[in-house]
Structure formats: C-alpha cells, structure tokens
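K.L.:
mind folding the following:
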Amino acid sequence: MTKRLAGRKALVTGSTNGIGVAVAVALAAEGAFVVVSGRDERRGGEVVARIEKDGGAAVFVKADLSAGAEVIDRFATDALTAAGGRIDVLVNNAALLLTPTPTAEVAQETIDEALAVSVRSVFLLTGLLAPPMAERGHGAVVNLGSIAGLRGSARSALYNMTKAAVHSLTESWAAEYGPHGVRVNTVAPGPTLTEKVVSMEERLGPIIARMPSGRAGTPAEVASAVVFLASDEASQIHGATLTVDGGFTAV
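P.N.:
Presented below is the predicted three-dimensional model:
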C-alpha cells in the first residue's frame, strides 16, 4: 500500500519532545523525509534514531526559535539543505508552554519569549518556506494551535493570545497561499498527555470531566490529525481548525 506522504519532505519545529516527537514519527511512518528540529541535539538524535529504527528517514537540524530573523533565516536555509532543497510540509509546532499566571504578574521577558517562539517564528518560517511551495503549486502548512486559542480562561491570557494568533494566521495564509496550491490549516489539541500535562493532570481534572470522551488525548492522536491535514486526503480543506479535544469545545 502506498504511504500517504511518500516522497514528501517535512519540517517539524519543536520536534524533540511532546507532541512534536509524535508528529515527526507519524509523518515518517507515512513515507515523509522528516527534518527534526529543536534546541537539544541529544534528544533530536534520539528522535532521528527512533524514526530510522522504524524504517523511516530523518535528520536533525538545531534551532533556537526564540532568536531573531537572521537566525531563523539561517535555520530555514539549513533545513532546506538537509531536505535536499525542498520542503513540502511545514509543521509549526514549536511553542512556549506557560504556567498559568495572573496577567499583572507576567514578566516582560516571558511576554517577549512567548511572542518570539509561538508567533514570530511561525510567521517568519512560513514566510520563508510557503512561497517556494506556492511556486511549485503544491504544499501544506499545518500549525499547532490549541483550544486555549478558542476560549478565554483566567490566568492564561498570554498563552491563549499566542494560540489565537496562530489560528488567525492560518486563515490569512489560507487566503494568501491557497490559490497557489498551498493548503494551510490548524490542529487545535485539548488536554494531551505529554510529560508536562501528566504532571498537571490533577489540575486538569475538571476540564477532562467535561469532555465527551472522558479522557485526555495522546500525542499520537494529535499527530494523526496533522498527518491527515498534510496529506492529499485533505485536498479540499483550507483555513480550517481541526480540534482534537475529546469534544470539549463542542459541548
């Protein structure tokens, strides 16, 4: 059976931990050559080794997405080189995870870093990598949003703002790049059992109790949604937000 992403080249930001790892592994399992990226070379190497052990192909490119435009431009160039000069699928997954904090107590440094990692890097990388896709007439950008970007919640204004910005960018880019064959969509996870969320599971109990599914999701379930939106099966889906939240936002 032909794999859905056979022959495609994919870049996944923030793919050395959590959901990013699952996305990189899932894309590779569907035949994509995956550029794994993050700050930690050791963890990046472990993800590449895992993909290769399963018969996939991947390479690690180090990236600090809190840096400025010059560094991100160099990272995009390095990723393109590692992928043989072409990126067909860009997954903007990297984001700064934040501890809930009253708005008045959020430090300026935290605001700057959150905007740099979770919004500016997404904006800059897409601006660098989507136009070549458009020139070829084919490509997919999948942004990782969150249900936090769809609903307000106390003590989470900064994180929610960054995710709402990602959702807005998806819609604008669908209008900008869609006519040129590049589909741009968002996956918005709800509570998902990454290492950090497991440590917060007790606090998330009331949210999980409201979910029709009755449980938190898994990184693999989020990754399945990313693979779908990156594949030709989603050829008529542009500018959409696919929630993977156990029905939380629906009820």
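K.L.:
the longest helix seen in the chain: which residues count as buried?
P.N.:
Taking DSSP state H as the criterion, the chain has its longest helix at helix 157-177. By 16 or more other Cβ atoms under 10 Å, the buried positions in helix 157-177 come out as 157-167, 169-171, 173-174, 176-177. For glycine as for every other residue, the C-beta is placed from the backbone atoms N, C-alpha and C.
K.L.:
now swap in stretch 122-134 and tell me
P.N.:
Buried, per 16+ other Cβ under 10 Å, within stretch 122-134: 122, 123, 124, 125, 126, 128, 129, 130, 133, 134.
K.L.:
for the residue nearest to residue 124 when sequence neighbours are not counted, what is the enclosing helix or strand?
P.N.:
Excluding its sequence neighbours, the residue lying closest to residue 124 (Cβ to Cβ, 6 or more residues apart in numbering) is residue 72, at 4.8 Å. Following DSSP states H and E, one finds residue 72 within helix 69-82.
K.L.:
ok, residues contacting stretch 4-14?
P.N.:
For stretch 4-14, contacts defined as Cβ atoms under 8 Å, 6 or more residues apart in numbering pick out 20, 23-24, 27, 30-38, 63, 65, 79, 83-84, 86-95, 121, 125, 129, 227, 230-233.
K.L.:
next: stretch 216-235.
P.N.:
Here stretch 216-235 makes contact (Cβ under 8 Å, 6+ apart) with 4-5, 8, 10, 18-19, 21-23, 25-27, 30, 32, 89, 91, 140, 142, 144, 183, 185, 187, 189-194, 197, 201, 204, 208, 237, 240, 242, 244-246.
K.L.:
now do the longest strand seen in the chain and helix 157-177, the angle between them.
P.N.:
The longest strand of the chain (DSSP state E) is strand 182-189. Calculated by axes from the mean of the first three to the mean of the last three Cα atoms, to 10 degrees, strand 182-189 forms an angle of 160 degrees with helix 157-177.
K.L.:
from the chain's centroid, how far away is strand 182-189?
P.N.:
Relative to its chain's centre, strand 182-189 lies at 9 Å (Cα atoms, centre = their mean, to the nearest Å).
K.L.:
and that strand, which strands flank it?
P.N.:
Within its sheet, strand 182-189 is paired with strand 139-144 (parallel), strand 241-244 (parallel), according to DSSP bridges.
K.L.:
for residue 89, give me its contacts.
P.N.:
When contacts are counted by Cβ under 8 Å, 6+ apart, residue 89 touches 5, 8, 9, 10, 11, 27, 32, 139, 140, 141, 142, 230.
K.L.:
from residue 79, how far out is it?
P.N.:
Noted for residue 89: a distance of 12 Å to residue 79, by Cβ to Cβ, to the nearest Å.
K.L.:
try residue 129
P.N.:
For residue 129, the distance to residue 79 equals 8 Å [Cβ to Cβ].
K.L.:
same question for residue 172.
P.N.:
The gap separating residue 172 from residue 79 is 23 Å, by Cβ to Cβ.
K.L.:
residues contacting the nearest residue to residue 111 once chain neighbours are set aside?
P.N.:
Nearest residue to residue 111, sequence neighbours excluded (Cβ to Cβ, 6+ apart): residue 158, at 6.2 Å. Taking Cβ under 8 Å, 6+ apart as the criterion, residue 158 is in contact with 98, 101, 103, 106, 110, 111, 114.
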